[in-house]
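Asker: let me see the structure of the following:
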Amino acid sequence: MRAARRKGLYVKARAGLLPQFTGVSDPYEEPRDAEIVIDTHNEPPEEAARQILEYLYERGFLDRAAPALSEPADPDQLLGAEPRQGERS
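Answerer: This is a model prediction of the structure:
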């Protein structure tokens, strides 16, 4: 969603320039067979996050032994992209 905001896609969709844009002109369709369902109406955010992390650990997407990040990660660094000119490495 961040990339869409940076590119102004939501502004374009609201102006009618992007038809069938999910969340604007195209309705959100709840999945019929979601892998994980979090009750955000009755669970605090910390519990919802715990449930998601537990799901990811159990299925091997995350390693419990991996060190925690002390600050938010840069998605480009996580994906192995080279720093862009003028950005810190």
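
Asker: low-confidence ranges in the chain?
Answerer: Where the chain drops to pLDDT under 70, the residues are 1-6, 69-89.

Asker: can you pull out the helices in it?
Answerer: Ranges of helices in the chain, per DSSP state H, are 2-6, 9-14, 45-58, 75-78.

Asker: contacts for the longest one next, please.
Answerer: Contacts made with helix 45-58 from outside it, assessed by Cβ atoms under 8 Å, 6 or more residues apart in numbering, are listed as 35-36, 38-40, 43, 62-64. To be clear about C-beta, it is placed using only N, CA and C from the backbone, and glycine gets the same treatment.

Asker: just the buried ones from the residues you listed?
Answerer: Neighbour-count burial (16 or more other Cβ atoms under 10 Å) is assigned, among those, to Ile38.

Asker: out of the contacts of helix 45-58, which one sits closest to Leu17?
Answerer: Nearest to Leu17 among the contacts of helix 45-58 is Thr40, at 31.4 Å by Cβ to Cβ.

Asker: burial count for the closest residue to that closest one other than its chain neighbours?
Answerer: Among residues not flanking Thr40 along the chain, Ala48 sits closest, at 5.8 Å (Cβ to Cβ, 6 or more residues apart in numbering). For Ala48, the count of nearby residues is 14 (other Cβ atoms under 10 Å).

Asker: what does Gln20 give?
Answerer: Gln20 has 9 neighbouring residues, counting by other Cβ under 10 Å.

Asker: which one is it nearest to, not counting chain neighbours?
Answerer: The shortest distance from Gln20 to any non-neighbouring residue, by Cβ to Cβ, 6+ apart, is to Asp26 (4.2 Å).
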